[in-house]
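Trainee: Here is a sequence with its predicted model. Questions after.
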Amino acid sequence: MKKIAFLLAVGVAVLGMSSCKQNTEPKYRQAYEGIQLNTPALAGEYYELYEGGTINITWSQPDWGFAAAAIYSVEISFDEDFPYNDDGTPSGDVYTLPTTFVTCNADVPMKDIAEGMSSLRGISDIKDWTPDDERTLFIRVCGYVPQIEGSLVWSNYIKLDHVLAYAAVRQPGMIYLVGKPEGWLGPEEANAAHYAEWALVEQVIDEQIYYGSFNINAGGDEALFRFYTKLTGWDADSWGSPDGTDSDSPVEYDYAGGTFQSSLRQTKDSFKFPNWPGGVMNMVANFAEEPATLTITSE
């Protein structure tokens, strides 16, 4: 009898331990109360946006049932109702800032806000920008847990009564072909006008897929180049052949037309096509993939 009683006691203890473990495991629940966005102390004051500035906003983390690693975005609008389309996407009267956050305390770039205000005004090209009066700007935050579908929640809105933007329009991203075809001019901001003609440009903003077509002379040392993602000088932001030795040397490939494909890596080793017959190379550099890739086609 003592042995049976002992075994029963052990069984109860094991069940109790199992029950405790289940009760302490995190369990997702819908955050019905959403996010509480706090009104800045200076919300009623005058905000003049400028390059490099930030506006700090804070909010409470939604109650998803556990301390979730969430991603937060900031939306702005001139309309306090934040109108959405029927398919659940923001309408033209709502702009989602490109910078995202993983904490509930964010220094929001004024550049993002200025570009968003231009977009809300219907301005998509900097040459069309005109000075504007100060605006009342409504701001809210949305957040979601990446691993959980349907976890997206929004905050209340806050109102900044007097916001004056500057000339800023969000443009498609660019990378630059640097090499013999353009003359090996230094990839520096001072040469931005030169490299505007040697840019591969996004067709969709933030897609990180860049397109360009360039007339390149035949063979020899003519078809020799690599790419720079920024105009910051020779030593940074250079992408080229994956097959080099990081010795700032060209790597030769047999390409005379049709399709050429390669990965890209951060290096100063260039691509060289000694058999290239001359003509237009159509290039697609895809930095949305890992690793980044380069595709060249020609007729």
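Mentor: That came through fine. From a predicted model like this one, the values you see are computed outputs, not experimental measurements. Residues are numbered from 1 along each chain as shown.
Trainee: my read: Ser270 touches Phe225, true?
Mentor: Yes - contact criterion Cβ atoms under 8 Å: Ser270 and Phe225 qualify, at 5.9 Å. Every residue, glycine included, has its C-beta placed from N, CA and C.
Trainee: Just want to know which of those two has more residues nearby.
Mentor: Phe225 (24 against 21; other Cβ atoms under 10 Å).
Trainee: just checking, that one touches Phe271?
Mentor: Yes - Phe225 is in contact with Phe271 according to Cβ under 8 Å; the separation is 6.1 Å.
Trainee: if we can go back for a sec, give me the common contacts of Ser270 and Phe225.
Mentor: Both Ser270 and Phe225 are contacted by Gly179, under the criterion Cβ atoms under 8 Å, 6 or more residues apart in numbering.
Trainee: List the buried residues in stretch 235-254.
Mentor: For stretch 235-254, the neighbour count (16 or more other Cβ atoms under 10 Å) marks 237-242, 244, 250-251, 253 as buried.
Trainee: and for it, what are the contacting residues?
Mentor: With Cβ under 8 Å, 6+ apart as the test, stretch 235-254 has contacts from 175, 178, 187, 224, 226-230, 260, 262-275, 285, 291-292.
Trainee: Any idea how far apart the tips of it sit?
Mentor: Counting by Cα to Cα, to the nearest Å, you get 27 Å between the two ends of stretch 235-254.
Trainee: Tell me how far that stretch lies from the chain's centre.
Mentor: How far stretch 235-254 lies from its chain's middle: 26 Å, per Cα atoms, centre = their mean, to the nearest Å.
Trainee: which residue ranges form the helices in the stretch 51-200 of the chain?
Mentor: Taking DSSP state H, counting those that start in this stretch, the helices of the stretch 51-200 of the chain run over residues 110-120, 192-195.
Trainee: so which of the ones you listed is the most packed in?
Mentor: With neighbours taken as mean count of other Cβ atoms under 10 Å, the helices of the stretch 51-200 of the chain reach their highest mean count in helix 110-120, at a mean of 22.
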